[in-house]
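J.: Build the 3D model from these lines:
(2 chains)
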Amino acid sequence: MKRTEIAEILRQPQVGTTVKVSGWVRSFRSNRFIALYDGSSFNTLQVVVDFEKFEEEFLKKIQFHACISVTGQLVESQGAGQSVELTAEGIELLGECSPDDYHLQPKNMTMEYLREKAHFRMRTQTFSAVFRIRHAVAYAVHKYFNDRGYYYMHTPIVTGSDAEGAGEMFRVTTLDLENLPRTESGEIDFKEDFFGKSTNLTVSGQLQGEIAAMALGKIYTFGPTFRAEQSYTTRHLAEFWMIEPEVAFFDIFDNMELAEDFVKFLIRHILDNYPDDPGLPRQAHQGRGKNMKQEDRRPMGLVDMLRFVVDNNFERITYTEAVDILRNSNTYKKGKFKFDVQWGKDLQSEHERYLVEKHFQKPVVVRDYPKSIKAFYMRENDGTEPGKETVAAMDILFPYIGEVIGGSQREERHSKLLERIHAQGIHEEELWWYLELRKFGGCPHAGFGLGFERMVLFITGMSNIRDVIAFPRAAGQAEF
RNA sequence: GCCCCCUUAGCUCAGUUGGUUAGAGCGCCGGACUGUUAAUCCGUAGGUCUUUGGUUCGAGUCCAAAAGGGGGCGCCA
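T.: Numbering: from 1, shown residues only, chains lettered A, B, ... in the order given. Next up is the predicted model:
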């Protein structure tokens, strides 16, 4: 007999029919009621067992997270809590799960404990919900761009450029580390390496994305990204997924509009299509308050906060305005910021959090940052005071998770770009192709990067980014 | 890279100013019950207090180092 997924049974219960379901045991109550889930739904199907029909020894093996197949008749439930249930006629034990040495238990376990048991944590209600939502957000990303005529580009994972402008890179090599080939002058001879040159894992698909935008007009990338930073925070990973749209003829304002609309679409997609799933992460989200300092607690429930973000316009300010707001704040005047606020210095997390959580109490888009603190490819703004040059960069700051998007209008003027490449000590030969884009049929364009896991973190209300990716890679951590 | 915190039963935790035999809840195991919703009730077992070294008459408790974990900062998405 062919098995039916639990989601299908719950969606359109055919009372009176005989069905076969397969799944894992979430609980076995009263030696009579099995709560069975198979991943197709957030909900379980109640299987009713007449214990006199089965061997006692057999029923004892139906334990927490054991895997079984059940054949039986769907009937209307006599109990409260579910409308239909399955009367078990035959049960097949597919996989035992002895609680003696099994890692999980039907009780609250800490996120830290489950992180160490990543091969089982998706079986919990919280993590299965998180990964269903993760899927849904990924789907929404593609839907959003596809519906608007964007093309999905696959940019390379291995890059020969070490000037992508976004942090430390992981080296990719097939050289024998015990016996490195050397040039006459004693340096490592990368001509002997697999690609005939030094290569790394990508830190951004943006530069190649720009190539595509200069031909296809509107593109986006969505792929793995690698940064070898020693970041020990709840919002950094060494391997994460990033979405990077790049659009020809866009300026910084078009870019901000796209970013806001896009992010709201993602959240709305989850609110509209997954009304059940946010439930458990929401509990996690509110429960986390227990060990938190008062000032760090979230005042709103998760769904309320998601609605709030979707229903309000993001606040838009310039970097210069942000500095003014911060310097005029009571927090600043009382000397309560750890770091000084000064035009020309980058905003610190505490400053961003003040703007978002205290001052505006909604997502904030900050633009026009000082040229000196931003990447070489960002377009220099016209008409700024000498010494106060800015670039058309923008960051979108969210409550609790900070920067979720970073983007800019790109410098499309060849001479300006070359100037900045030189000023930052980058070898222009590295970027010859990037420079040529400005020489031959270039145009104004803009784009941004959205940290996928940060978005999922925000939407699920989880508190550590390592809990929204199945197998987190971070400094000192690559198990599973 | 810098700073802080944690490590006691399978899990989550308590353990007073250093003082006899280290406790609880849940889980496991055994039993009872059988229309339950993390079922309930009764009972049993379960600990080299992360490791190493030190202080002390005496260390789960104090000190130092190591290992593992968590958090903050920086870097950013």
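J.: For the stretch 151-300 of chain A, which segments are assigned as strands?
T.: Listed in chain order, the strands found in the stretch 151-300 of chain A under DSSP state E, counting those that start in this stretch are A:151-153, A:158-159, A:171-172, A:199-201, A:218-226, A:239-248.
J.: buried ones in the first one?
T.: To tie it back to what came earlier, the one meant is strand A:151-153. Buried residues in strand A:151-153, counting neighbours by 16 or more other C-beta atoms under 10 Å, are found at residue A:153. Any C-beta I mention is one placed from the backbone N, CA and C, and that applies to glycine too.
J.: and it, how far from the chain's centre?
T.: The chain centroid and the centroid of strand A:151-153 are separated by 19 Å under C-alpha atoms, centre = their mean, to the nearest Å.
J.: Now do that strand: everything it contacts.
T.: Residues from elsewhere that reach strand A:151-153 (C-beta atoms under 8 Å, 6 or more residues apart in numbering): A:142, A:145-146, A:205, A:208-209, A:212, A:216, A:218-222.
J.: following the host helix or strand of residue A:408, which helix or strand comes up?
T.: Per DSSP states H and E, residue A:408 falls inside strand A:402-409. Per DSSP H and E, the first helix or strand lying C-terminal to strand A:402-409 is helix A:414-423.
J.: Now that following helix: buried residues?
T.: Quick answer for helix A:414-423 (16+ other C-beta under 10 Å): A:417, A:418, A:420, A:421.
J.: hmm, back to that, need the contacts of strand A:151-153 in JSON lines (columns: pLDDT, neighbour count and distance to residue A:90).
T.: Output for the contacts of strand A:151-153, formatted as JSON lines (pLDDT from 0 to 100; neighbours: other C-beta atoms under 10 Å; distance: C-beta to C-beta, whole Å):
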{"residue": "A:142", "pLDDT": "98", "neighbour count": "14", "distance to residue A:90": "41"}
{"residue": "A:145", "pLDDT": "98", "neighbour count": "20", "distance to residue A:90": "48"}
{"residue": "A:146", "pLDDT": "98", "neighbour count": "12", "distance to residue A:90": "45"}
{"residue": "A:205", "pLDDT": "94", "neighbour count": "28", "distance to residue A:90": "52"}
{"residue": "A:208", "pLDDT": "95", "neighbour count": "23", "distance to residue A:90": "56"}
{"residue": "A:209", "pLDDT": "97", "neighbour count": "22", "distance to residue A:90": "55"}
{"residue": "A:212", "pLDDT": "98", "neighbour count": "21", "distance to residue A:90": "56"}
{"residue": "A:216", "pLDDT": "97", "neighbour count": "14", "distance to residue A:90": "56"}
{"residue": "A:218", "pLDDT": "98", "neighbour count": "20", "distance to residue A:90": "55"}
{"residue": "A:219", "pLDDT": "98", "neighbour count": "26", "distance to residue A:90": "53"}
{"residue": "A:220", "pLDDT": "98", "neighbour count": "26", "distance to residue A:90": "50"}
{"residue": "A:221", "pLDDT": "98", "neighbour count": "23", "distance to residue A:90": "50"}
{"residue": "A:222", "pLDDT": "98", "neighbour count": "20", "distance to residue A:90": "45"}
